[in-house]
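S.K.: Attaching a predicted model along with its sequence, questions to come.
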Amino acid sequence: MNIAKSLLLFIIVFIPISHYFIIPGVIKSTEFKQNLVLPVRYEAQLVDESKKFQLYRKSSKGNIVNLDNERYPSARRFIRGISVKAKDLDSIKYLDLFIGKKQFSYTKEKIKESWKTEIKGNEVFHLAPDEADSESVLKTMFFFSKALSSVVNWSPHLFLNIIYLLVVIGFISFLIKFHRGFIRLSLELGKAASFNKKQYLILGIFFSIVSCISFYFSRMEIDTHHVGFVFQAAQKLSEGKQLFSEVFYHYAPLTAHLHNLSIFVFGEEVLSLNLLSSLFYGGIAVLFYFLLSHFFALKTSVLLAILWFLFAPFFKDTFIPWSSIYCLFFLLSSILFSFKYFETSKTSFLILSGVTAAFCFWTRQSVGPLVFIGYIISFSFIHFIEGKSLKSFLKNISLLFFRFINNFPSYFALD
């Protein structure tokens, strides 16, 4: 059986399984009050501005914990607002609660009418919108409101994982049995295969398919706490606010600016972030293909890239536009440029490799130093094998990281 028949058989098997078993098992509607959290902030005017005003949320252990103005609660059970101690009411003139893009105003009298509980001897008023307001909040944050009218509940975990595992095992079996090139490695490291227009067209189709599938799965479940956190940072950047000084954000800055770009291009919606991440997933798949083509036959490279995509985390977990997606894209780009340098000995490819390696740092700062160390080890090994001088090694490392080295002081500032 040739490779085309293998792919056709895989598609025939995978699509019915995903459509009739996985998708219905994933799309199970739940009420708004379950497993949904939105980004929350507040603005309060006090009687005495010299007094310190604190809001609270209930932690997972049931303790009272402080909630400052730029952090976001992660309570479960219902769309969570904030909590105010009864003893602090006398110091409040009014309080405005912002959930998503919707504003809720509270006077002292209205706060007293809110739901009240007692936690560790403290009377606490809980401020949160009712269910009707919660739905209106969602509609201001999401498009495709019909698909996202409720949060998805992944209930049949074991069944889905078994089906998914069988699909992956079956695909690997097709590779080994029906494609002899699967176990045939290229003997020359760095010798890339040649490409024609037809193969570039196939790669374009492959990019589109991976991006579309990624975006389709990104709409199935929205983690409004984590996604809401990065979304509000992108919103504030679009308003002209300064990252880190005016916007609470604990990821690397390039990620925030990429998200800002996504809402500028695709609209100020949460799914705009997922759409950008889906496009990066498509780019990662194509980069994997180019890198694999240095070691495997072209058809095998396509199949291995598909196999990588089958292990994407969003097939069984919530899709979140994490910084690791962008970091992986830039890391693979850096490796590909370094391969091109060893093929052509052109310094421009080495510089591009250094720039994209620096982007790894600016998207995920914890990975950046590891990339730097990894390149030093790799270049040391290659120069030792080829018998090149220490001067040549230091020159190449300097060119590779001419931008990256400058990032180290910022690494500690951004942590």
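M.R.: That came through fine. Computed from a predicted structure; not experimentally measured.
S.K.: going forward, measure contacts and count neighbours with C-alpha atoms only.
M.R.: OK.
S.K.: helices or strands up against the one helix or strand Phe290 maps to?
M.R.: Element membership for Phe290 (DSSP states H and E) is helix 270-292. Applying 3 or more CA pairs under 8 Å, 6 or more residues apart in numbering; DSSP states H and E, we find helix 270-292 packed against helix 197-218, helix 226-238, helix 253-266, helix 298-310, helix 323-344.
S.K.: Swap in 6 Å and give it another go.
M.R.: Under the contact criterion of 3 or more CA pairs under 6 Å, 6 or more residues apart in numbering; DSSP states H and E, helix 270-292 touches helix 197-218, helix 253-266, helix 298-310.
S.K.: Quick one: mean pLDDT for it?
M.R.: For helix 270-292, the mean per-residue pLDDT is 89.
S.K.: what's the domain layout of this protein?
M.R.: Here the domain assignment for the chain is 40-137, 187-414, based on automatic domain parsing.
S.K.: Mind telling me which of the ones you listed the model trusts least?
M.R.: domain 40-137 (a mean of 59).
S.K.: Give the burial count for Leu291, as a bare number.
M.R.: 20 (other CA atoms under 10 Å).
S.K.: State the distance from Lys340 to Asp317.
M.R.: Lys340 is 36 Å from Asp317, where distance means CA to CA, to the nearest Å.
S.K.: Pick out whichever of these two has more residues nearby.
M.R.: Using other CA under 10 Å, the more surrounded residue of Lys340 and Asp317 is Lys340, with 20 against 13.
S.K.: Leaving out sequence neighbours, find the closest residue to that one.
M.R.: Excluding its sequence neighbours, the residue lying closest to Lys340 (CA to CA, 6 or more residues apart in numbering) is Phe349, at 6.3 Å.
S.K.: gap between the one you found and Leu287?
M.R.: In this view, Phe349 and Leu287 are 16 Å apart by CA to CA.
S.K.: now do Leu258
M.R.: Separation of Leu258 from Leu287 (CA to CA): 19 Å.
S.K.: do you know which of the helices and strands packed on helix 270-292 lies nearest Trp322?
M.R.: Smallest distance to Trp322 across these (CA to CA): 8.4 Å, for helix 253-266.
S.K.: Can you list the buried residues in the closest one?
M.R.: Pro253, Leu254, Thr255, Ala256, His257, Leu258, His259, Asn260, Leu261, Ser262, Ile263 (16 or more other CA atoms under 10 Å).
S.K.: Ok, stretch 335-344 next?
M.R.: Ile335, Leu336, Phe337, Ser338, Phe339, Lys340, Tyr341, Phe342.
S.K.: For those, give me JSON lines that also has distance to Ile205.
M.R.: Formatted as JSON lines, the buried residues of stretch 335-344 follow (distance: CA to CA, whole Å):
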{"residue": "Ile335", "distance to Ile205": "23"}
{"residue": "Leu336", "distance to Ile205": "21"}
{"residue": "Phe337", "distance to Ile205": "23"}
{"residue": "Ser338", "distance to Ile205": "26"}
{"residue": "Phe339", "distance to Ile205": "25"}
{"residue": "Lys340", "distance to Ile205": "24"}
{"residue": "Tyr341", "distance to Ile205": "28"}
{"residue": "Phe342", "distance to Ile205": "29"}
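S.K.: residues making contact with stretch 245-264?
M.R.: Glu70, Ala234, Ser272, Leu273, Ser323, Trp362, Thr363, Arg364, Gln365 (CA atoms under 6 Å, 6 or more residues apart in numbering).
S.K.: Show the contacting residues for the third one.
M.R.: With contacts defined as CA under 6 Å, 6+ apart, Ser272 is in contact with Ser262, Ile263, Phe266.
S.K.: If we only consider these, which is nearest to Ser238?
M.R.: Distances from Ser238 to the contacts of Ser272, taken by CA to CA, are shortest for Ile263, at 8.4 Å.
S.K.: Please report the distance of Thr356 from Thr347.
M.R.: Counting by CA to CA - Thr356 and Thr347 are separated by 14 Å.
S.K.: do the same with Leu261
M.R.: Distance from Leu261 to Thr347, by CA to CA: 31 Å.
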